[in-house]
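Asker: next comes the sequence, and after it the predicted model I'd like to discuss.
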Amino acid sequence: MSGYGFTNAGTTYDDEDRLTGYQRTNGALTQSWNLTSVGDWNSVTTSGIGFQPVVQNRTHGPTHELLTAGGQTVNTDVKGNITLLPAVLASSLSPQASSLQWDFDNKLKSVDVGNNSSTDVEYKYDALGRRVARVGSSGSFVYVQSDQQTIADYGVGDAPSSPLYRYVYASYIDEPVVRKGAGSDGTIHYYHSNQQYSITVVTTSTGAIAERYAYSAYGEPTILDGSGSQIANSSISNRYSYTGREWDATVGFYHFRSRWMSPKSGRFLGRDPIGYEGSEWGLYEFLESTVLAVTDPSGEQIRPPMNPGQPPWYPYPYPTSPLPPTSPLPPTSPSQRGNSSSSSGAGFWSILPCGSMSYTYNITVSAWGIFGLNPLPLGLLPAGWLPVAPAGGGTGGVGCPQGYVCCITSVINNTNAITINARKGYIRQVSVTVNTTLSIGNCQLAACPCPAPKVTTNPKQELKIEIEQFPKT
């Protein structure tokens, strides 16, 4: 789709790699964001060819709930769920204020588009929190689930043998590849996605283009038919779009399983059900403002796009680049957050300052997901992730005069693992931390090889917690 990409010159980031500017190649949409330290939008400026920049200022409450946008009030209940979304934050297809109702489990129960005391859409959920039905404007449907994927759509009251659509997925949880219509000779459509699993094209069984899709930085969709003409809604009733998630055009929201997200607001409509375990910065921020690089299939915690070798059914953060056993690099991705005095990509051991008394390196990997009753292995860190001093214990002489080397005298590895089983074993969270402390000697002649350091690897400390369900915020 020529013109719907984004330009390098117009795409900017701050020091935290958060998106602060976005521009389409055709110049039709340019946006910039003024972000707080925790990702709230102080303001967003939108412009494009043919219209002047529009600045929308926002205010937030003490728990970062949205209070106003563009001078219009946003109402929130005591649990942090938005109950009134003003017109300025509504989808461009239906720029009206909406009233939202929530159930006891903070699931979106119904939406009144237009705030006219007439419910337009209702949603139903099963005991596992999965959305299993939609009733109201633009159709009423039942969604059949296999684990966390919808594998078939039915009209309400349809016979079990007569699904409207059936779906086939590739290895990633939000990667539909085939949709088959009703009947043995039902129409087949093929999904094509980009590196972020956003659907960009749907084709027919003959290879003809049925529809194309483009998105703003925060997912507001633009739909084009096979000839390239823009249309208001999907003519093939496709709801899978931005990052592979489901778009409800009637309400203008995306369904991210645990929560719903408003692309015009650029944030979730409710707090993260796992609290600050999902994001250490805030309870509403979407993709930690790195919206062009990561995904969040659960609506709870971001993850980088899946890499080769990653388990296909692991929908949440998982180690993506195992560190070399003798030269681990500083952690860079959200799934490998840690801290280290080292910031060089040249390697861990090659930059130790000689003469230091000690040097500590931490790696923490957290994993979260729904695993049924299958055992969840604690071995998230392969054995090679435990830093081990290189042969001879030398660091390459960094900080020493020519002809001298620096020696590592001791290495102590500690591993801690915490497992939380909730909802009778159906939801599990694991956090594994490796802490390595090294003692480093002074420079000595290279002719005198470093003695092998004393390496101590303490037994893994494990803590297991069983709770009925996660506390709600």
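Answerer: Done, it's in. Being a predicted model, the structure only gives us computed values, none of them experimental.
Asker: end-to-end on stretch 75-90?
Answerer: End-to-end distance for stretch 75-90: 14 Å, by C-alpha to C-alpha, to the nearest Å.
Asker: revised request: answer the last question for stretch 193-213.
Answerer: With C-alpha to C-alpha, one end of stretch 193-213 sits 10 Å from the other.
Asker: could you do stretch 237-249 as well?
Answerer: End-to-end distance for stretch 237-249, by C-alpha to C-alpha: 10 Å.
Asker: so for it, mean pLDDT?
Answerer: The pLDDT scores in stretch 237-249 average 97.
Asker: again, but for stretch 136-155
Answerer: Averaging pLDDT along stretch 136-155 gives 95.
Asker: buried stuff in it?
Answerer: Using 16 or more other C-beta atoms under 10 Å as the test for burial, stretch 136-155 gives 136-137, 141-143, 148-154. All C-beta atoms are positioned from the backbone trio N, CA, C, and that covers glycine.
Asker: now stretch 20-40
Answerer: For stretch 20-40, burial by neighbour count (16+ other C-beta under 10 Å) applies to 21-24, 29-33, 35, 38-40.
Asker: repeat for stretch 225-235
Answerer: S234.
Asker: contacts for it?
Answerer: 1, 93, 208-212, 222-224, 249 (C-beta atoms under 8 Å, 6 or more residues apart in numbering).
Asker: mind listing what the helix or strand hosting A133 pairs with, with the direction of each?
Answerer: Taking DSSP states H and E as the criterion, the element that holds A133 is strand 131-136. Sheet neighbours of strand 131-136, with direction, are listed as strand 121-125 (antiparallel), strand 141-146 (antiparallel) (DSSP bridges).
Asker: next, format those strands as TSV and append distance to F286.
Answerer: Shown next, in TSV, are these (distance: least, C-beta to C-beta, whole Å):
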stretch	distance to F286
strand 121-125	20
strand 141-146	23
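Asker: show me what contacts W260?
Answerer: With contact taken as C-beta under 8 Å, 6+ apart, W260 is in contact with 108, 253-254, 268-270, 299.
Asker: that one should be in a helix, yeah?
Answerer: No - with DSSP: H, G, I helix; E, B strand; the rest coil as the criterion, W260 is located in strand rather than a helix.
Asker: just to revisit the earlier point, nearest to A69, of the buried residues of stretch 136-155?
Answerer: When the buried residues of stretch 136-155 are compared for distance to A69 (C-beta to C-beta), S137 wins out at 24.7 Å.
Asker: tell me the confidence at the nearest residue to that closest one once chain neighbours are set aside?
Answerer: Closest residue to S137 apart from its sequence neighbours, by C-beta to C-beta, 6 or more residues apart in numbering: D120 at 4.5 Å. pLDDT recorded at D120 is 97.
Asker: test my guess that D120 contacts D112.
Answerer: Yes - using C-beta atoms under 8 Å, D120 is in contact with D112, at 6.1 Å.
Asker: so what's G181 bridging to?
Answerer: Y165.
Asker: what about it, how many residues nearby?
Answerer: 15 (other C-beta atoms under 10 Å).
Asker: how confident was the prediction at it?
Answerer: 95.
Asker: please apply the same query to the one 5 residues further on.
Answerer: Per-residue confidence (pLDDT) for G186: 93.
Asker: what residues are up against the residue lying closest to it once chain neighbours are set aside?
Answerer: Closest residue to G186 apart from its sequence neighbours, by C-beta to C-beta, 6+ apart: K180 at 5.1 Å. By C-beta under 8 Å, 6+ apart, the contact list for K180 reads 165-168, 186-188.
Asker: could you do Y169 as well?
Answerer: Y169 touches 149, 175-177, counting by C-beta under 8 Å, 6+ apart.
Asker: ok, now L287?
Answerer: L287 touches 294-296, 302, counting by C-beta under 8 Å, 6+ apart.
Asker: correct me if wrong: A214 contacts E220.
Answerer: No - look at A214 against E220 with C-beta under 8 Å: they stay out of range, at 9.6 Å.
Asker: for the stretch 201-350 of the chain, what spans make up the strands?
Answerer: For the stretch 201-350 of the chain, applying DSSP state E, counting those that start in this stretch gives strands covering 209-215, 221-225, 230-231, 246-248, 253-256, 259-262, 267-268, 338-339.
Asker: could you report the neighbour count for the closest residue to L224 other than its chain neighbours?
Answerer: Leaving aside its sequence neighbours, L224 sits nearest to R212 (C-beta to C-beta, 6+ apart; 4.4 Å). Residues within reach of R212, counting by other C-beta under 10 Å, total 21.
Asker: circling back: how about the contacts of W260, which pair is most distant?
Answerer: Maximum distance among the contacts of W260 (C-beta to C-beta): 13.1 Å, for Y254 and G270.
Asker: how about the contacts made by D248?
Answerer: 121, 134, 239, 254-255.
Asker: from S138, how far out is it?
Answerer: The gap separating D248 from S138 is 8 Å, by C-beta to C-beta, to the nearest Å.
Asker: also K124?
Answerer: Taking C-beta to C-beta, one finds K124 at 16 Å from S138.
Asker: buried stuff in stretch 451-460?
Answerer: Buried positions in stretch 451-460, judged by neighbour count with 16+ other C-beta under 10 Å: 453, 455.
Asker: so for that stretch, what's the average pLDDT?
Answerer: In this model, stretch 451-460 has an average pLDDT of 76.
Asker: in which helix or strand does W33 reside?
Answerer: Using DSSP H and E, W33 falls in strand 30-35.
Asker: ok, back up a step: how near is the residue nearest to L224 to R245?
Answerer: Noted for R212: a distance of 18 Å to R245, by C-beta to C-beta.
Asker: can I see the domain layout of the protein?
Answerer: Domain ranges of the chain: 12-287, 334-467, per automatic domain parsing.
Asker: so which of those is nearest G5?
Answerer: With C-beta to C-beta as the measure, domain 12-287 is the member of the domains of the chain nearest G5 (4.8 Å).
Asker: good, wrapping up.
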